[in-house]
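1. Below are the sequence and a predicted model for it; my questions follow.
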Amino acid sequence: MNSIAPSELIINSDGSVFHLHIRPEELADTVILVGDPGRVELVASHFDSREFMRSSREFVTITGNYKGKRVTVLSTGIGTDNIDIVVNELDALANIDFETRKPKSEHKRLKLLRIGTSGAIQPDIPLGSFVLSHISVGCDGLLNWYAGRDRVTLTEMESAFVKHTGWLPGLPAPYFAPASKSLIDAMSDFTVKGVTISASGFYAPQGRVLRLPLAMPDMVSKFESFRYNGHRITNFEMEGSAIAGLAALLGHDAATVCCIIANRYLHESQPDYKPYIKKLIEMSLERL
C-alpha cells in the first residue's frame, strides 16, 4: 500500500497528530470522551497516577492509570464535526505507523466511551438518570460521507423513521448507528436503554424556538411517538452517532452514556447536575 500523503495525515514536528497534539505512545487503548474540556480534570481526578496532560484548542487530553488499567480521557468540544477529527486521529494514532505513513499490519481495537449530558423526550425518564445509547441517530449527515455506511447502520429502521417523521428532503439523510455490544453488556445494569438523537445543533435541530421558526414544527412530537420493533427515541445529544458510526467502520468498540439533566416533555431541568455526573464517571470507570 502506498504511504499516506502529508496533506492527508498531518503530523506535527514533535511527532504528534495534527489536532489532538498527542503521540502514538501516549494513547491508551481505553478512551473516555467528554465534550467539556473542564470535565477532563474531573475524570482524571479518579486516576491513581498520570503520565501527561496536553491542551490544543478544545482538545484536552490526560492519560493515566486507574486501578491498574491505562486510560486516556479526552475532550472533543461540541458537535459531530469535531468527532470526525477526534475518532479519525485516535484511529491514526493506534493503527498507522507515523514513520512509514502506512497502516500497521496488526489492527488495534480501541474502546471509546463518551460520557455526556442530555435532555430526555419521554415522560418516564427522570432527571439524574443515565441513558446508554444502544442506538444513536445521526441527523448531521457525517457518516454519509464515508463508503460502507450501510454496513454499520440499521437501514430498515432509518426508512421507518424517515416515513414516520415526514423527513424533509433538504435535510441530511439520518443514519442509525448501534453501540458496541461489549459496552452495552458492561453498562446495562445501571443505565436506561436509549435510542438517542445526535442533533447537528442546539436550537432548531433540537426543536427549540427563539426568534427563528422551525422547518419541522412537529419534529419533537414525531420523535417522541416513533416506535420500531420495541425501540423508541429517548433523548437528545450532539456527538454519539458519529462516535458509534465511525468507530464501527474503523473496527473499534464505542458507546455513549449521558446523564439526563432536562426533560423536554415535562419541561423540567436539573441545573445542579454535577453530583450525578460524578457518579456516572465513577461507575463508568469501574465498568471499563
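-> Structure received.
2. Could you check the pLDDT of residue 267?
-> pLDDT for residue 267: 83.
3. what about it, neighbour count?
-> 7 (other C-beta atoms under 10 Å). For glycine as for every other residue, the C-beta is placed from the backbone atoms N, C-alpha and C.
4. Ramachandran coordinates for it?
-> phi 60, psi 40 (degrees, to the nearest 10).
5. what residues are up against it?
-> Applying C-beta atoms under 8 Å, 6 or more residues apart in numbering to residue 267 gives no contacts.
6. elements contacting the worst-scoring helix or strand of the chain on mean pLDDT?
-> The weakest-scoring helix or strand in the chain, judged by mean pLDDT, DSSP states H and E, is strand 268-269 (a mean of 84). Where contact means 3 or more C-beta pairs under 8 Å, 6 or more residues apart in numbering; DSSP states H and E, strand 268-269 is packed against strand 253-263.
7. Neighbouring strands - and their directions - for the strand it packs on?
-> Strand pairing for strand 253-263, using DSSP bridges, gives strand 111-120 (parallel), strand 130-138 (antiparallel), strand 268-269 (antiparallel).
8. who touches stretch 202-222?
-> Residues contacting stretch 202-222 (C-beta under 8 Å, 6+ apart): 119, 121, 139, 164-166, 168, 170-171, 197, 199, 236, 238, 264.
9. Most neighbours of all these, which one?
-> Counting by other C-beta under 10 Å, top hit in the contacts of stretch 202-222: residue 197 with 29 neighbours.
10. so what's that one bridging to?
-> Here residue 197, judged by DSSP bridges, has bridge partners residue 137, residue 236.
11. Would you confirm that it contacts residue 135?
-> No. Applying C-beta atoms under 8 Å, one finds residue 197 not in contact with residue 135, separated by 10.2 Å.
12. Spell out which residues are contacts of both of these two.
-> Counting by C-beta under 8 Å, 6+ apart, no residue touches both residue 197 and residue 135.
13. follow-up on the earlier one: show me the one of the strands paired with strand 253-263 that comes nearest residue 86.
-> Evaluated with C-beta to C-beta, the strands paired with strand 253-263 place strand 111-120 nearest to residue 86, the distance being 9.0 Å.
14. Quick one: mean pLDDT over the closest one.
-> 96.
15. in that strand, what counts as buried?
-> Buried residues in strand 111-120, counted by 16 or more other C-beta atoms under 10 Å: 111, 112, 113, 114, 115, 116, 117, 118, 119, 120.
16. Model confidence at residue 270, what's the number?
-> For residue 270, the pLDDT comes out at 79.
17. Neighbours of it, how many?
-> Residue 270: 16 surrounding residues under other C-beta under 10 Å.
18. can you pull the contacts of it?
-> Counting by C-beta under 8 Å, 6+ apart, residue 270 makes contact with 127, 128, 260, 261, 262, 276.
19. Kindly recompute the last result at 7 Å.
-> Residue 270 sits next to 127, 128, 261 when contact means C-beta atoms under 7 Å, 6 or more residues apart in numbering.
20. Need phi/psi at it.
-> As for residue 270, its main-chain torsions (degrees, to the nearest 10) stand at phi -120, psi 90.
21. Quick check: it vs residue 30, distance?
-> 29 Å (C-beta to C-beta, to the nearest Å).
22. just residue 120 next, same as before
-> For residue 120 relative to residue 30 (C-beta to C-beta), the value is 28 Å.
23. Which stretches in the stretch 101-250 of the chain count as helices?
-> 155-165, 181-187, 219-225, 240-250 (DSSP state H, counting those that start in this stretch).
24. Can you say which of these is packed in most?
-> helix 240-250 (a mean of 27; mean count of other C-beta atoms under 10 Å).
25. Run a quick neighbour tally on residue 68.
-> For residue 68, the neighbour count with other C-beta under 10 Å is 6.
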